[in-house]
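Peer 1: one predicted model, sequence on top.
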Amino acid sequence: MPKLTQDEMVSILQTYQDRLTEAERQGPRAYNEAFAHPPEGVAVHEFDADGIIRRLNSEEPRVLGYAAAQILGHAVWEFVVMSDASRQSVQKKLSGEKDIKPFVRTFRRADGSGVPMLIVDRRLHDVHGLPRGIRTAMMSLENVDTTG
């Protein structure tokens, strides 16, 4: 994968989130297809209102070094270096107290090392318009182009 600037990465993540939102309107089949085929290097997961990861694509386990089964069913903050800050942020985003905008969070790989990830979140809503969770699309900043 070529080196990208952080702005280019944000654009890729936001465009992919838009694609997923549009696919969701088209129905489960379109959504499943879009979810399973993200842009190169994009990891994506969804967690519920309790912060429990309910779905992820194949890129996330590859980047973090876990098997998918080691991630699914666990709280998202269990994989973040600053887990308390992550838990508080998730709760504020779900309640609407905190705006959702691109940010960087360091995730913990299976080997214990940290990997900074650029994140673009989207709130997921139930049929009544209430937040039911968050979908996170993210890319590793390890190979970011810092010259541009």
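Peer 2: Structure received.
Peer 1: and the pLDDT for Thr147?
Peer 2: Thr147 carries a pLDDT value of 67.
Peer 1: mind checking the longest strand of the protein?
Peer 2: The longest strand of the chain (DSSP state E) is strand 114-125.
Peer 1: and what about Gly73, helix, strand or coil?
Peer 2: Assigned with DSSP: H, G, I helix; E, B strand; the rest coil, Gly73 falls in the coil class.
Peer 1: check what pLDDT it gets.
Peer 2: Value listed for Gly73 in the pLDDT field: 97.
Peer 1: residues contacting it?
Peer 2: 52-54 (Cβ atoms under 8 Å, 6 or more residues apart in numbering). Glycine gets a C-beta too; all of them are placed from N, C-alpha and C.
Peer 1: ranking the residues you listed by neighbours, who comes first?
Peer 2: Among the contacts of Gly73, the one with the most neighbours (other Cβ atoms under 10 Å) is Ile53, at 21 neighbours.
Peer 1: I'd like the average pLDDT over the helix or strand in which that one is found.
Peer 2: Using DSSP states H and E, the element containing Ile53 is strand 53-56. Mean pLDDT, strand 53-56: 96.
Peer 1: pLDDT wise, what is Phe107 at?
Peer 2: pLDDT, Phe107: 95.
Peer 1: now for the helix or strand harbouring it, which elements pack on it?
Peer 2: Using DSSP H and E, the element containing Phe107 is strand 103-108. Contacts defined by 3 or more Cβ pairs under 8 Å, 6 or more residues apart in numbering; DSSP states H and E place strand 103-108 against strand 114-125.
Peer 1: who does the strand it packs on pair up with?
Peer 2: Note on strand 114-125: by DSSP bridges, its sheet partners are strand 103-108 (antiparallel), strand 131-140 (antiparallel).
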